[in-house]
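[1] pasting the sequence and the predicted coordinates here, then a few questions.
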Amino acid sequence: MKLWEKGIPTDKQIDLFTVGNDRELDLILAKHDVTGNIAQAKMLAKIGLITNQECEDLLGALAEIQEDIKAGNFTIEDSFEDVHSKVEYLLTQKVGDAGKKIHTARSRNDQVLVDMNLYLKEEVLQLKQQVKSLFDLLMASAEKYQNVLLPGYTHLQIAMPSSFGMWFSAYAESLIDDMSMLNAALKVVDQNPLGSAAGYGSSFPIDRTFTTQEMGFSTLKYNSVAAQMSRGKSEKTVAFAMANVAGTLSKFAYDVCLYMSQNFDFIGLPANLTTGSSIMPHKKNPDVFELIRGKCNKIQALPYELTLITNNLPSGYHRDLQLLKEGVFPAIQNLKACLDIAIFSIPDIKVKENILEDKKYDYLFTVDTLNEMVTAGIPFRDAYKEVALQIEAGNYKSPKATKHSHEGSINNLCLNEIKEKMEQAL
């Protein structure tokens with residue numbers, strides 16, 4: 001039941017090792033494999049390699065298979081090597097010889113490329129929607145708390161005044177950069193490789209523009225060798241975009257964990273979003289955000305895993321490429337889960353007000369004091385020394401007020417401009 005079977009059986013141990021967990025992973029690709037087969041059948045009929053009746057029979061059978069996939073009834077038994085062999089077997093069972101013709105002018109190489117590109121395209125589009133939802137939540141929180149002051153830190157030392165509006169919108173604007181990376185990844189995978197066959201094209205008069213339109217790709221990967229070389233590169237491009245999103249989420253999650261600790265006590269989470277200790281009854285742990293941080297840090301390692309699998313391969317297909325799925329599929333699902341739980345949790349973050357009433361935060365305003373002195377005509381370096389002497393002498397008086405006016409500062413967050421920037425990125 002292997003597509004390449006010649007009647008000579010392979011050793012069972014070889015089968016186990018080479019197939020690996022491909023059957024389980026290929027279940028994720030099943031609906032996309034059917035999409036590719038639909039386009040292939042229509043194209044073969046268009047150029048006269050199968051009859052219109054054979055095409056209709058194939059399309060009917062493929063619709064039945066697609067329904068089984070949607071219902072969760074599609075399986076890939078141990079007797080099949082992958083999703084491609086199972087779908088072709090079902091087609092042959094349902095429509096006879098027409099099922100044996102579906103592979104004409106095609107290889108498993110371009111078939112899996114089609115499946116992966118369709119899968120990655122769908123997943124990137126979903127990630128974009130989730131990132132936009134997270135952006136909207138962060139911006140809503142920024143607007144709600146834009147006037148609630150928050151200590152800013154550098155080197156984990158008290159630095160300058162910030163605000164919750166600045167904190168929330170900082171992560172929102174960072175997501176715009178991540179959206180740009182997702183857009184770039186989408187452009188890379190939104191190319192049709194079908195027809196490149198084993199990587200060197202076909203002598204059949206296939207119509208690749210037709211299949212591009214049928215499957216909804218924006219363009220086709222023209223050069224057959226380039227199409228084959230996109231295996232691994234496409235996954236790696238998506239992985240880098242995912243790593244960007246994961247990096248933003250991880251940093252935000254770390255802030256939440258830090259700000260929740262009693263030593264900071266800037267924010268709180270309701271009990272239903274925390275966990276406890278088996279021996280310490282007072283504990284309310286931010287496990288959700290710790291797991292977001294850990295999972296997202298793991299996702300950030302994915303581009304390097306894919307690089308190490310692919311970076312010393314020459315052009316053409318190599319079985320190493322099968323291993324890409326093992327890292328990519330779970331990473332995508334983990335990132336989507338992290339985005340979902342962040343979207344679920346953020347509205348319940350409780351912001352603490354009057355944080356800056358603690359005297360240790362008086363020094364947040366030394367730069368504001370210094371700048372007022374400079375505005376009054378004192379040279380910057382002299383003003384700097386004067387404030388430093390006041391601090392050392394213990395007689396520094398904090399104004400505890402901010403007069404920042406430039407774009408993106410604490411008193412001019414440019415929230416509308418940030419929203420417009422995201423709309424442009426979308």
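    Looks like it came in fine. Numbers count the residues shown, from 1 in each chain.
[2] neighbours around the spatially closest residue to D348 that is not a sequence neighbour, how many?
    Computed as Cβ to Cβ, 6 or more residues apart in numbering, the closest residue to D348 that is not its neighbour in sequence is P270, at 5.3 Å. In short, each C-beta sits where N, CA and C put it, glycine included. P270 has 11 neighbouring residues, counting by other Cβ atoms under 10 Å.
[3] distance of P270 relative to T375?
    Counting by Cβ to Cβ, to the nearest Å, the gap from P270 to T375 is 44 Å.
[4] repeat that for D255.
    With Cβ to Cβ as the criterion, D255 and T375 are 33 Å apart.
[5] okay, these two: which has more neighbours?
    D255 (18 against 10).
[6] part of a strand, is the more buried one?
    No: looking at D255 with DSSP: H, G, I helix; E, B strand; the rest coil, it is helix, so not inside a strand.
[7] that one touches A170, doesn't it?
    No: at 9.7 Å, D255 does not count as touching A170 under the criterion of Cβ atoms under 8 Å.
[8] so how far is G232 from G408?
    The value you get for G408 to G232, if Cβ to Cβ is used, is 39 Å.
[9] who has more neighbours, these two?
    G232 (21 against 14).
[10] contact partners for the spatially closest residue to that one that is not a sequence neighbour?
    Take G232 and drop its neighbours on the chain: the residue closest to it by Cβ to Cβ, 6+ apart is T310, 3.8 Å away. Going by Cβ atoms under 8 Å, 6 or more residues apart in numbering, T310 touches G232, K233, K236, D320, L321, L324.
[11] remind me which residues of the stretch 251-400 of the chain are low pLDDT?
    Nowhere does the stretch 251-400 of the chain drop to pLDDT under 70.
[12] and the strands in it, which stretches?
    All strands of the stretch 251-400 of the chain, identified by DSSP state E, counting those that start in this stretch, fall at 267-268, 350-351.
[13] to D26, which of these lies closest?
    strand 267-268 (43.7 Å; Cβ to Cβ).
[14] for the helix or strand hosting I38, buried residues please.
    Assigned by DSSP states H and E, I38 falls within helix 22-46. By 16 or more other Cβ atoms under 10 Å, the buried positions in helix 22-46 come out as 22-23, 25-46.
[15] what do you get for stretch 315-332?
    Y317, L321, Q322, L323, L324, K325, G327, V328, F329, A331, I332.
[16] once you drop chain neighbours, what's closest to the third one?
    It stands for Q322. Among residues not flanking Q322 along the chain, D22 sits closest, at 6.4 Å (Cβ to Cβ, 6+ apart).
[17] which strand or helix spans the residue sitting nearest the centre point of the chain?
    Residue closest to the mean C-alpha point of the chain, counted by Cα atoms, centre = their mean, is M242 at 3.4 Å. Following DSSP H and E, one finds M242 within helix 224-260.
[18] now M160
    Using DSSP H and E, M160 sits within strand 157-163.
[19] that strand: partners in the sheet, and parallel or antiparallel?
    strand 149-154 (antiparallel) (DSSP bridges).
[20] show me what the strand it pairs with is in contact with.
    Everything outside strand 149-154 that qualifies as a contact, by Cβ under 8 Å, 6+ apart, is 158-164, 166-167, 266, 355-356, 361, 364, 402.
[21] mind listing what's buried in the strand holding M160?
    I158, M160, P161, S162, S163.
[22] contacts for that strand, please.
    Residues outside strand 157-163 that contact it (Cβ under 8 Å, 6+ apart): 145-153, 356, 360-361, 363-365, 367-368, 402, 410, 413.
[23] any of those buried? List them.
    145-146, 148-151, 356, 361, 363-365, 368, 402, 410, 413.
[24] which one of those residues is nearest Y222?
    Lowest distance from Y222 to the buried ones among the contacts of strand 157-163 (Cβ to Cβ) belongs to L413, with 46.3 Å.
[25] dump the strands of the stretch 251-400 of the chain into a markdown table; add distance to P193 as well.
    Below are those laid out as a markdown table (distance: least, Cβ to Cβ, whole Å):
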| stretch | distance to P193 |
| --- | --- |
| strand 267-268 | 48 |
| strand 350-351 | 49 |
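[26] which of those strands is buried the deepest?
    strand 267-268 (a mean of 18; mean count of other Cβ atoms under 10 Å).
[27] pull the distance from it to the chain's centre.
    Averaged C-alpha coordinates place strand 267-268 at 27 Å from its chain's average position (Cα atoms, centre = their mean, to the nearest Å).
[28] same check on stretch 141-161?
    How far stretch 141-161 lies from its chain's middle: 28 Å, per Cα atoms, centre = their mean.
[29] can you check stretch 273-284 too?
    With Cα atoms, centre = their mean, you get 32 Å for stretch 273-284.
[30] isn't D207 up against I47?
    Yes: between D207 and I47 there is a contact at 5.9 Å, judged by Cβ under 8 Å.
[31] going by distance to D348, which of the contacts of T310 wins?
    K236 (36.2 Å).
[32] chain center to the strand or helix carrying D177, what's the gap?
    Element membership for D177 (DSSP H and E) is helix 164-189. Distance of helix 164-189 from the chain centroid (Cα atoms, centre = their mean) equals 11 Å.
[33] tell me the mean pLDDT for that helix?
    Summarised as a single mean, pLDDT over helix 164-189 is 98.
[34] which outside residues touch whichever helix or strand comes after that helix?
    Downstream of helix 164-189, the next assigned helix or strand under DSSP H and E is strand 191-192. Strand 191-192 is touched from outside by 114, 117, 208, 211-212, 215, 217-221, 227, 230, with contacts defined as Cβ under 8 Å, 6+ apart.
[35] so which of those residues sit within strands?
    Within the contacts of strand 191-192, residues falling in strands by DSSP state E are T219, L220.
[36] show me where the stretch 251-400 of the chain has helices.
    Applying DSSP state H, counting those that start in this stretch to the stretch 251-400 of the chain gives helices spanning 287-299, 302-310, 324-345, 366-375, 380-393.
[37] so which bits of the shortest one are buried?
    Right, the one you point to is helix 302-310. L302, P303, E305, L306, I309, T310.
[38] gap between it and the chain center?
    Distance, centroid of helix 302-310 to centroid of chain: 16 Å (Cα atoms, centre = their mean).
[39] tilt between it and helix 324-345?
    170 degrees (axes from the mean of the first three to the mean of the last three Cα atoms, to 10 degrees).
[40] please tell me how far the closest residue to D177 other than its chain neighbours sits from D340.
    Once flanking residues are discounted, D177 sits nearest to N244: 6.9 Å by Cβ to Cβ, 6+ apart. N244 sits 18 Å away from D340, going by Cβ to Cβ.
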